[in-house]
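K.L.:
Mind folding the following:
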Amino acid sequence: MSPSVLNLFIALAAFIAPSSAVGEVHPEKAKITEKHFMDIWIGDEEVGRITLGMFGEEVPKTVENFRHWIQGSPEGEGYQGSAFHRVIDGFMIQGGDFTNGDGTGGKGKYKRNFEDENFKIHHEIKHVLSMANAGPNTNGSQFFITVEKTPHLDGRHVVFGRVLDGFDVVTKISKTKTDFRDRPQSKVLVYKCGVVEDEGAGEPEVIDKVETDGTDRAEL
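P.N.:
Okay, the predicted model is just below:
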């Protein structure tokens, strides 16, 4: 995969007329089937937790892919220890490249790239969770969270969840200083992540991951 393709595709989509979705569902009306969390550090500062609600009824395959990586694979790969590698204030924050850490890597649970499930849910509110890609049917593990409405991405990226809590954390990430390639100057680290097993259970359960030699950890 070209180093520039995945990082630039979201921005380039703004100049392409979006396709329509059949059976459109508003992101605030879509049923939350499960909740996931990410605890975030920026540099040496712990900034808090982002809680994400998943749209498992509308896009079950995409949600299962995300769950697989947020829990961590038996081989020790996944989002824990990875970084948000691309940040554009007023647009979105992007992460999920746990292999290369720069937007050129990552992979899907099912195969390296899997198909767009559907485009029923649009980017019509801010703080939606959507799949990053390098064109049609190239979903892997990379994702982004919007910080504003981004309707120009409709029909191009699969929305599969939204932020339920930790909006301030998303804002802090979006305000992080970046270089000319939109890479944060201080590492934005997913220190811990997992599935919220029971809404009333208090501290979410974290699925322990198998330790590796670090070669698959994202480094900025």
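K.L.:
for stretch 32-46, the distance to its chain's centre please.
P.N.:
Stretch 32-46 sits 11 Å away from the centroid of its parent chain (CA atoms, centre = their mean, to the nearest Å).
K.L.:
Could you do stretch 25-39 as well?
P.N.:
Averaging C-alpha positions (CA atoms, centre = their mean) puts stretch 25-39 13 Å from its chain's average.
K.L.:
Contacts made by it with the rest, please.
P.N.:
Residues outside stretch 25-39 that contact it (CB atoms under 8 Å, 6 or more residues apart in numbering) are 46, 48-58, 63, 66-67, 70, 79, 120-122, 124-125, 128, 159, 161-162, 164, 190-196, 199, 204. (C-beta placed from N, C-alpha, C; glycine too.)
K.L.:
For it, measure first residue to last.
P.N.:
The straight-line separation of the ends of stretch 25-39 (CA to CA, to the nearest Å) is 29 Å.
K.L.:
which of the contacts of stretch 25-39 count as buried?
P.N.:
Burial by neighbour count, judged by 16 or more other CB atoms under 10 Å, picks out 48-56, 58, 63, 66-67, 70, 79, 120-122, 125, 128, 159, 161-162, 164, 190, 192-196, 204 from the contacts of stretch 25-39.
K.L.:
Filter those down to the ones in helices?
P.N.:
63, 66-67, 70 (DSSP state H).
K.L.:
Now flag whichever of those residues is closest to Val169.
P.N.:
For these, the residue nearest Val169 by CB to CB is Ile70; the value is 15.8 Å.
K.L.:
who touches that closest one in this structure?
P.N.:
36, 38, 78-80, 193-195.
K.L.:
can you check His85 too?
P.N.:
His85 is in contact with 94-95, 97, 101-103, 183-184, 218, 220, counting by CB under 8 Å, 6+ apart.
K.L.:
Okay, and it sits in which element?
P.N.:
Here His85, judged by DSSP states H and E, is contained in strand 84-88.
K.L.:
Give me the buried positions along that strand.
P.N.:
Buried-residue list, strand 84-88, by 16+ other CB under 10 Å: 84-87.
K.L.:
I'd like those as CSV, with pLDDT and distance to Asn139 appended.
P.N.:
Formatted as CSV, the buried residues of strand 84-88 follow (pLDDT from 0 to 100; distance: CB to CB, whole Å):
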residue, pLDDT, distance to Asn139
Phe84, 98, 18
His85, 98, 17
Arg86, 98, 17
Val87, 98, 21
